[in-house]
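# how would this look folded up:
(2 chains)
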Protein chains: 2
Amino acid sequence: MPKDLPSDEIRRALHRAADLAADYLESVERHPVVPRIQPGDVARQLPVAPPEHPEAMDAILDDYLRLIEPNVTHWNHPGFLAYFGITGSGPGVVAETLAAALNVNAMLWRSGPAPTELEGRVCDWLRQLMELPEGFHGHINDTASSSTLVALAAARHRLPGLAVRERGLAGRPEVPPLVVYACDQAHSSVDKAAIVLGLGQENVRRVESDAAFRMSVPALAAAVAADRAAGRLPMAVVATVGSTSTTSIDPVEEIADLCAREGIWLHVDAAYAGSAAICPESRALMQGIERADSLVTNPHKWLFTPVDCSVLFVRDLANLQAAFSLVPEYLRTGDAGVTNLMDLGFQLGRRFRSLKLWMVLRAYGVEGLRAHLREHCALALALAERITAEPGFELAAPVPFSTVCFRAVPAGLADPAALDRFNERLLAGINAAGPFFLSHTALRGRYTLRVAIGNVKTTARHLDALWDLVQETARGLLPE
Amino acid sequence: MPKDLPSDEIRRALHRAADLAADYLESVERHPVVPRIQPGDVARQLPVAPPEHPEAMDAILDDYLRLIEPNVTHWNHPGFLAYFGITGSGPGVVAETLAAALNVNAMLWRSGPAPTELEGRVCDWLRQLMELPEGFHGHINDTASSSTLVALAAARHRLPGLAVRERGLAGRPEVPPLVVYACDQAHSSVDKAAIVLGLGQENVRRVESDAAFRMSVPALAAAVAADRAAGRLPMAVVATVGSTSTTSIDPVEEIADLCAREGIWLHVDAAYAGSAAICPESRALMQGIERADSLVTNPHKWLFTPVDCSVLFVRDLANLQAAFSLVPEYLRTGDAGVTNLMDLGFQLGRRFRSLKLWMVLRAYGVEGLRAHLREHCALALALAERITAEPGFELAAPVPFSTVCFRAVPAGLADPAALDRFNERLLAGINAAGPFFLSHTALRGRYTLRVAIGNVKTTARHLDALWDLVQETARGLLPE
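Okay, the predicted model is just below:
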């Protein structure tokens, strides 16, 4: 009879992991944000053959400290300002430890009563904080990509008379091409969802944006009319609140008017900026989100919850269940009146993700969360002001939240291609220094640097040092 | 400037979580497997309004202990024998703590070098252990539902001349209905994938199974021929190795012959039993899996890794990337020759899941894993022998792995509906006792009990006690 690993060794290893995690959270700044390694550097230190014999946890954790921790990109570093700055906060790490020990799969209420009910309650807390209507139902997926895929599947299911769930889309002359609309600034997950759903990438209309990178509603209306005229069926509009490049905010209210008029599903992608909706002054920037048919927001982006935690709200829970529910005999429990999470999407298995959101919301409290979000927005505004005030730099987009897009525009460098190259080298120089990691984007075809602030440990001191580094690096790139 | 939570409070909370997790792993048997609560019992103890003020971690963890831990279904309990018995092992819990602290999103090599390379290596270890060909590429998804969805999207992408990715399935007379074949015993995730992909549930052929619940290859061939004759396009066959109800094994070798002959994608769903492929004697039961185009196996099912960890292997990595890759400017890194995990499916975000699989494989070693898997199979066989030997009970299916299907057939009770009711009451009685949780299924329409053994702490002592309980409960249900 093989015995499990000794209990006392596991307990010791869990305590060592607690210290490793606490050390990491306290002193992550000892690492450069991006490790200075090349592809293959880690792989070549990992044995090619699987481990035949058991190894002691202490040896494994020594390897973790030597080989893994220094060679990750440090998303939990206050100098991580790329993509979106995020936080795996202490309370979230505590919760993930416990969720892994419980190892619950909350596919059914019966298979995870507390996880199912906690998920319902914390999603409803978030709904209240975001000022979404009562009756909106929230549940947790892994990523916004999954949430948007699920939302668009629900939109497809609501199309009258097509019976897509049963009969599919192919070989049916009566089913026209189904079209999804999103801003040219919208996230690539919209295209991926359209690909997966069998709509086709060509049937995603990338609607042009205005000077502030917000979807043009006249252009949207024209696209919808053109598709109808061509015999295609407008299925859903994805409005973005906090786009990935610039955190621009589509005019949701006007888009909602159009969707209501046209009978089109409105999905709001607030994966990043939805967290800010808990602050009334930011919520005011996104009027209309309460009219969505579905909305995704990711607490793992800007609500200090470790990845993965994406909350999908839907107005019509019964429609979502009708799109997906499919219960084999071995999962019939006879529990009446319960929501079974497996009926809300394509994934049967459901990790206990609400535990971390619960602990984070309680440990920070709404007032703590708001204070951090406001601080991040203030830091971004202060940086934007410096950029605007500094000759040789320009702000590239408005700053509604905590992300700043800018570029260097050194005097005497007018050629667009040369400017792009200069900014590319500027980014490389900044990132090579170690304490910061920025990413870039293209805005109207122009290379643009992004500073995305979202870690609870990022302070004015970091932004001061970054701005010094930006200026110094730019100076170093200029001809003498 | 708001401060983050105090470091010393987080460290204390992490250590308390370490003890809570260790206590739980040591003494989970103090809980009944299924909590004795009704829907709403937990929710009504959770405040309706979100928490305004920060709360101390100790108060939150007190609530965890009072409200959450006792009210989950204890999947990590050695008496959990429902669905599939699983294990969130100590090394896996350690790894999840660290992964949450690192909080990496390994969407790109650059955004997670060690996670990307570790994922490649541990999946390759598993490939070797499962005797899959060199060149098969493995990566980790959340669930088998996602893995199968991704695999079938890749199958669809390989269809020549249809350009489904770009143009979709709708409104195209030249695109015939696309058909997926799976055994009548296959998992519902196949239907869900067909729904999501826009194939339609009607285009999933549920091929009849033989007396041992294995897909009938003549029936499959007939179904394929009928679909071709009707102008439909056979797209993929899903062969199941270890079906959910009985762990039956489809004749993969013959199915692979048919797929090769017909040019149909072969996806193998080995979500549960794939783990057993690391034991040569079990691997011998699934000859032909090495010929698959794609194969999913879930280490979170029977390889002692906490949920979620589903490994998808594909033969043709380039085809998978072509089905999904879509790189916006802000994710272009210029790193040549690397695999970016975001290109391998619809989910952009990628949690650092390989860390737990790495720690589990090393802590148990291949010899330890094999010993546990063999013990589980031996326990199942021993139980099956008892059932066969006991008048008033019958084995309902062969036992190739660690799951036993049986029913009570008390003398004098011949009516099928009455037998079903008897077994339903038997299951309810067993589960009400507390130390065990079994699930049920329907086999040829008959109510059947399942005992699924997969927790590393489940021993012969548990199975002895279960068998006593089964007999005693059955006796109590018989008329005097």
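
# so what's the closest residue to A:Ala260 other than its chain neighbours up against?
Nearest non-adjacent residue to A:Ala260, counting by CB to CB, 6 or more residues apart in numbering or on different chains: A:Arg291, 7.4 Å away. Quick note: C-beta positions are derived from backbone N, CA and C, even for glycine. By CB atoms under 8 Å, 6 or more residues apart in numbering or on different chains, A:Arg291 lies in contact with A:Val252, A:Glu253, A:Ala256, A:Cys259, A:Ala260, A:Leu266.

# A:His187 versus A:Arg291, what's the distance?
Computed as CB to CB, to the nearest Å, the A:Arg291 to A:His187 distance reads 21 Å.

# equivalent analysis for A:Leu102, please.
A:Leu102 sits 33 Å away from A:His187, going by CB to CB.

# looking at these two now, which is surrounded by more residues?
A:Leu102 (29 against 24; other CB atoms under 10 Å in any protein chain shown).

# pretty sure that one contacts B:Tyr24?
Yes - if you go by CB atoms under 8 Å, A:Leu102 and B:Tyr24 touch, sitting 7.1 Å apart.

# and chain A, what are its domain boundaries?
A:1-30+A:35-71, A:105-351, A:366-477 (automatic domain parsing).

# does anything pack onto the lowest-mean-pLDDT helix or strand in chain A? Which helices or strands?
Using mean pLDDT, DSSP states H and E, helix A:317-324 stands out as the lowest-scoring helix or strand of chain A, at a mean of 94. Where contact means 3 or more CB pairs under 8 Å, 6 or more residues apart in numbering or on different chains; DSSP states H and E, helix A:317-324 is packed against helix A:144-158, helix B:189-196.

# after the biggest helix by length in chain A, next one along is what?
What stands out as the longest helix in chain A, according to DSSP state H, is helix A:354-389. Scanning forward in sequence from helix A:354-389 by DSSP states H and E, the next helix or strand is strand A:393-395.

# who's in contact with A:Ala382?
A:Ala382 touches A:Ala460, A:Leu463, counting by CB under 8 Å, 6+ apart.

# how much space between it and A:Val456?
Distance of A:Ala382 to A:Val456, given as CB to CB: 17 Å.

# re the thing from before, in the least confident helix or strand of chain A, which residues are buried?
A:Leu317, A:Asn319, A:Leu320, A:Gln321, A:Ala323, A:Phe324 (16 or more other CB atoms under 10 Å in any protein chain shown).

# please apply the same query to stretch A:392-399.
Those would be A:Phe393, A:Leu395, A:Ala396, A:Ala397, A:Pro398, A:Val399, for stretch A:392-399 by 16+ other CB under 10 Å.

# just give me how far stretch A:66-86 sits from the chain centre.
The gap between where stretch A:66-86 is centred and where its chain is centred comes out at 16 Å by CA atoms, centre = their mean, to the nearest Å.

# does chain B have contacts with that stretch?
Yes - legend: contact between stretch A:66-86 and chain B by CB under 8 Å from any CB of the partner chain is shown at A:Leu67, A:Ile68, A:Glu69, A:Asn71, A:Val72, A:Thr73, A:His74, A:Trp75, A:Asn76, A:Ala82, A:Tyr83, A:Ile86.

# tell me the one of the residues you listed nearest B:Glu202?
Of all the residues of stretch A:66-86 next to chain B, B:Glu202 sits closest to A:Tyr83, with 41.2 Å by CB to CB.

# can you tell me the closest non-neighbouring residue to that closest one?
Leaving aside its sequence neighbours, A:Tyr83 sits nearest to A:Ser439 (CB to CB, 6+ apart; 5.5 Å).

# repeat that for A:Met235.
A:Leu178 (4.3 Å).

# contacts only, for the one you found.
A:Arg156, A:Leu159, A:Leu169, A:Leu199, A:Asn203, A:Arg232, A:Leu233, A:Met235, B:Gly168, B:Ala170.

# can you put these in TSV and add neighbour count?
TSV is the format used below for those (neighbours: other CB atoms under 10 Å in any protein chain shown):
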residue	neighbour count
A:Arg156	25
A:Leu159	16
A:Leu169	29
A:Leu199	27
A:Asn203	25
A:Arg232	18
A:Leu233	17
A:Met235	24
B:Gly168	27
B:Ala170	30
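
# which of those fall in strands?
Within the contacts of A:Leu178, residues falling in strands by DSSP state E are A:Leu233, A:Met235.

# still on that earlier bit, gap between the least confident helix or strand of chain A and the chain center?
Using CA atoms, centre = their mean, the offset of helix A:317-324 from its chain centre is 24 Å.

# do stretch A:407-422 as well
32 Å.

# do that stretch and chain B come into contact?
No - using CB under 8 Å from any CB, stretch A:407-422 never reaches chain B; the gap is at least 11.5 Å.

# now stretch A:276-288
No - Stretch A:276-288 stays clear of chain B (CB under 8 Å from any CB), getting no nearer than 8.7 Å.

# mind checking the end-to-end distance for that stretch?
Stretch A:276-288 has an end-to-end distance of 15 Å (CA to CA, to the nearest Å).

# pLDDT on stretch A:403-415, on average?
Throughout stretch A:403-415, pLDDT has a mean value of 95.

# oh, that last question was meant for stretch A:351-360, not what I typed.
98.

# what does stretch A:106-114 give?
Stretch A:106-114 comes out at a mean pLDDT of 96.

# next: stretch A:240-251.
Mean pLDDT, computed over stretch A:240-251, is 98.

# ok, is it in contact with chain B or not?
Yes - for stretch A:240-251 and chain B, the contact criterion (CB under 8 Å from any CB) is met by A:Thr244, A:Ser245.

# how about the residues of the stretch 201-350 of chain A by chain B?
A:201-203, A:231-232, A:244-245, A:300, A:306-308, A:323-324, A:326-330, A:335-338, A:346-349.

# neighbours of A:Gln201, how many?
When neighbours are defined as other CB under 10 Å, A:Gln201 has 18 of them.

# if we can go back for a sec, just the buried residues of helix A:317-324 now: which is nearest A:Ala222?
Once CB to CB is applied, the member of these that ends up nearest A:Ala222 is A:Asn319, at 28.8 Å.

# the closest one contacts A:Arg156, correct?
No - using CB under 8 Å, A:Asn319 is not in contact with A:Arg156; the gap is 10.5 Å.

# OK, contacts around the closest residue to A:Lys356 other than its chain neighbours?
Spatial nearest neighbour of A:Lys356, excluding adjacent residues (CB to CB, 6+ apart): A:Ala95 at 3.7 Å. Contact analysis of A:Ala95 by CB under 8 Å, 6+ apart lists A:Leu355, A:Lys356, A:Trp358, A:Met359, A:Val360, B:Ala100.

# in TSV, list the residues of stretch A:66-86 next to chain B along with secondary structure.
Shown next, in TSV, are the residues of stretch A:66-86 next to chain B (DSSP: H, G, I helix; E, B strand; the rest coil):
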residue	secondary structure
A:Leu67	helix
A:Ile68	helix
A:Glu69	helix
A:Asn71	helix
A:Val72	coil
A:Thr73	coil
A:His74	coil
A:Trp75	coil
A:Asn76	coil
A:Ala82	coil
A:Tyr83	coil
A:Ile86	coil
